[in-house]
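**Student:** no letters, just coordinates:
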């Protein structure tokens, strides 16, 4: 029997997230072979009058390719995928897998080849030129990471993914307006005291049109304005390894010191290119139903009472001039059970211990921000 929640999700993705129109072409790319949702997306695309195209991939096969990767080979792959993407009007990226560490033993230089070739399709074509959205699909491994039963995690997943993102969007407007007027930002908390400017860099609300689940407002720091120390309090899988206790020290925008549970490994990532030691995104997470990290960035970066501060590539719509082959969303949760913390805009306290304190922002707090 079909799960009606899958049909609802497919309808929302086609009609709200990418707003597929008659005659438009959409690429549905699935890592993990989740046929039920892929089929539902194909049906909804046809119902909207669009033309669906499907690309199926597998993480284990991807690992086998990466282990022997050659730059010339991946350049050809990048050209192939770029040619396909250039013909599309929309894109849905569906990710699922049984093992988040599938790439843990892939050498960093092989991962870099992927980022420098195939990875550029996303940054250079998909993001600026198509209507796109990416999401995960519930699996046993995701339930394990969330420390939940499979059934309970599926219920959580569909509750979060099928909420009314139109209401979320309206509730974000005051925060966007405030961020657009702000110059100086200060972040404080255990092991964190960081200052930077966001002056004249646009704030962008994310309410179900690019990520599912969603719930963040992002901008970018002025590239050379960052000074101080930041300590991240959530585990962060990246390039097949889960980093913990990440602490970064900044001087004039640049990461001058980085330590973690594998300090050598994290510094290799930050040595990928010049832009990897600068920051491309600052974002505030506001999803009231995502409370704890589950080592999946599409969920973790939206955690209620969190922010993320992202080394690497900036977005074109919040452009600070930083370019890199990496974009790593590292998350800090500021609710009391995670140690608390404060966010100041131009020396005014706007959020304390994960709760907005300004009256015009209170609708983003969980007590008032109920989406049904």
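**Tutor:** Received the coordinates, thanks. Fair warning: this is a prediction, and the values are worked out from it, not measured in the lab. Numbering: from 1, shown residues only.
**Student:** how many residues are close by the closest residue to residue 251 other than its chain neighbours?
**Tutor:** Nearest in space to residue 251, with sequence neighbours left out and distances taken as C-beta to C-beta, 6 or more residues apart in numbering, is residue 227 at 6.1 Å. For every residue, glycine as well, the C-beta is placed using N, CA and C. By the criterion of other C-beta atoms under 10 Å, residue 227 has 15 neighbours.
**Student:** check contacts around residue 227.
**Tutor:** With contact taken as C-beta atoms under 8 Å, 6 or more residues apart in numbering, residue 227 is in contact with 194-196, 250-252.
**Student:** list the buried residues of stretch 240-256.
**Tutor:** Residues of stretch 240-256 classed as buried: 240-241, 243, 246-248, 250, 253-255 (neighbour count, 16 or more other C-beta atoms under 10 Å).
**Student:** wait, what's in contact with residue 59?
**Tutor:** 31-32, 97-99, 102-103.
**Student:** buried subset of these?
**Tutor:** 31-32, 97, 102-103.
**Student:** coming back round to it: which ones among the buried residues of stretch 240-256 are found in strands?
**Tutor:** Among these, DSSP state E puts 241, 243, 247-248, 250, 254-255 in strands.
**Student:** between the buried ones among the contacts of residue 59, which sits nearest residue 79?
**Tutor:** residue 31 (20.5 Å; C-beta to C-beta).
**Student:** can you give me the strands in the stretch 51-200 of the chain?
**Tutor:** For the stretch 51-200 of the chain, the strands defined by DSSP state E, counting those that start in this stretch occupy 51-57, 90-95, 131-136, 184-189, 192-197.
**Student:** tell me the buried residues in the helix of greatest length in the chain?
**Tutor:** Taking DSSP state H as the criterion, the chain has its longest helix at helix 71-85. Of the residues in helix 71-85, 74, 77-78, 81-82, 84-85 count as buried by neighbour count, 16+ other C-beta under 10 Å.
**Student:** looking at the buried ones among the contacts of residue 59, which is nearest residue 285?
**Tutor:** Closest approach to residue 285 among the buried ones among the contacts of residue 59 (C-beta to C-beta): residue 97, at 23.3 Å.
**Student:** in space, what's closest to the closest one - neighbours in sequence excluded?
**Tutor:** residue 59 (4.6 Å).
**Student:** quick one on the thing from earlier: pLDDT of the longest helix of the chain, averaged?
**Tutor:** On average, the pLDDT along helix 71-85 is 91.
**Student:** could you do stretch 7-23 as well?
**Tutor:** pLDDT averaged over stretch 7-23 gives 95.
**Student:** please state the offset of it from the chain centre?
**Tutor:** Put simply, stretch 7-23 sits 20 Å off its chain's centre (C-alpha atoms, centre = their mean, to the nearest Å).
**Student:** could you do stretch 180-198 as well?
**Tutor:** 21 Å.
**Student:** check stretch 13-30 too.
**Tutor:** 20 Å.
**Student:** distance between the ends of that stretch?
**Tutor:** This stretch, stretch 13-30, spans 14 Å end to end (C-alpha to C-alpha, to the nearest Å).
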